[in-house]
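Novice: Build the 3D model from these lines:
(2 chains)
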Amino acid sequence: DGGITQSPKYLFRKEGQNVTLSCEQNLNHDAMYWYRQDPGQGLRLIYYSQIVNDFQKGDIAEGYSVSREKKESFPLTVTSAQKNPTAFYLCASRVGGRNIQYFGAGTRLSVL
Amino acid sequence: EDQVTQSPEALRLQEGESSSLNCSYTVSGLRGLFWYRQDPGKGPEFLFTLYSAGEEKEKERLKATLTKKESFLHITAPKPEDSATYLCAVQSPSGGYQKVTFGTGTKLQVIP
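Specialist: Presented below is the predicted three-dimensional model:
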């Protein structure tokens, strides 16, 4: 089945720790995105990548980092510099030439 | 700055009681308006894309319409399985990429 796989479903971070959220897609989509969702707020863009080996900061990139070494993969690292990391993180992808973004099932990150 | 406002924040309907969800937007150069359905703890599921005023799309009990300032998601004779949060988003060109701005959603509960 084609789709976007996010793992893990739940993740816990200790103080001062970096954690990495995985996002893999087998849809052959060019563009990939990371969003953060907090209660009562719309999805906010963290990073996006339109092609391999290229990515751009979104609206709330501070405290996060990404890489795009393969078309299928776009991992997000939440660094210790992100002081309020508790949120629901969503990865999305979009096929070139179409505007529709398709989402993974999300990763819920909590702080211990 | 693009803005999306969804109303009401929450809506409770009896099964079979038709209603509409509103999405008001301000955007510089609309490239598309999207409706998504999001179940608790899951990623948004794509429903519709609308591109120009006057456009309508239907899927089962849902019908989306678009004017120059707002979009409506009409729900006809809803069933309990239609209970979810419905997200609206607009896309516009920004900084060399297609920026998507999301609303905060309408949480729909359909009571048997």
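Novice: hey, let's count contacts and neighbours off CA atoms from now on
Specialist: OK.
Novice: Is it correct that residue A:25 is in contact with residue A:4?
Specialist: Yes: Residue A:25 sits in contact with residue A:4 when judged by C-alpha atoms under 8 Å, with a separation of 4.3 Å.
Novice: Next up, the contacts around the closest residue to residue B:2 other than its chain neighbours.
Specialist: Closest residue in space to residue B:2, ignoring its immediate chain neighbours: residue B:27 at 4.6 Å, by C-alpha to C-alpha, 6 or more residues apart in numbering or on different chains. With contact set as C-alpha atoms under 8 Å, 6 or more residues apart in numbering or on different chains, residue B:27 has these partners: B:1, B:2, B:3, B:90, B:92.
Novice: List the strands paired with the worst-scoring helix or strand of chain B on mean pLDDT, with their directions.
Specialist: In chain B, no helix or strand scores lower on mean pLDDT, DSSP states H and E than strand B:97-102, which sits at a mean of 84. Paired strands of strand B:97-102, with direction, are strand B:84-94 (antiparallel) (DSSP bridges).
Novice: Give the rounded mean pLDDT of the host helix or strand of residue A:47.
Specialist: Assigned by DSSP states H and E, residue A:47 belongs to strand A:44-51. What strand A:44-51 shows for mean pLDDT is 94.
Novice: What of stretch B:49-68?
Specialist: 96.
Novice: what does stretch A:63-72 give?
Specialist: Summarised as a single mean, pLDDT over stretch A:63-72 is 97.
Novice: can you give me the end-to-end distance of it?
Specialist: Terminal residues of stretch A:63-72 lie 24 Å apart, using C-alpha to C-alpha, to the nearest Å.
Novice: and if you look at stretch B:103-112?
Specialist: End residues of stretch B:103-112 are separated by 28 Å (C-alpha to C-alpha).
Novice: which residues are common contacts for residue A:25 and residue A:4?
Specialist: Joint contacts of residue A:25 and residue A:4 (C-alpha under 8 Å, 6+ apart) are residue A:93.
Novice: All the strands of chain A, residue numbers only.
Specialist: Under the criterion DSSP state E, strands of chain A are mapped to A:4-7, A:10-13, A:19-25, A:31-37, A:44-51, A:54-57, A:64-66, A:76-78, A:87-94, A:101-103, A:107-111.
Novice: ok, residue 89 - contacts?
Specialist: All of this is about chain A. Contacts of residue A:89 (C-alpha under 8 Å, 6+ apart): A:34, A:35, A:36, A:37, A:106, A:107, A:108, A:109.
Novice: other chain: chain B
Specialist: Contacts of residue B:89 (C-alpha under 8 Å, 6+ apart): B:4, B:33, B:34, B:35, B:100, B:101, B:102, B:103.
Novice: Turn these into TSV, columns for neighbour count.
Specialist: Formatted as TSV, the contacts of residue B:89 follow (neighbours: other C-alpha atoms under 10 Å in any protein chain shown):
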residue	neighbour count
B:4	19
B:33	26
B:34	23
B:35	23
B:100	22
B:101	22
B:102	26
B:103	22
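Novice: any idea how far the closest residue to residue A:79 other than its chain neighbours is from residue B:104?
Specialist: Sequence neighbours aside, residue A:18 is the residue nearest to residue A:79 in space, at 4.4 Å (criterion: C-alpha to C-alpha, 6+ apart). Look at residue A:18 and residue B:104: by C-alpha to C-alpha, they are 29 Å apart.
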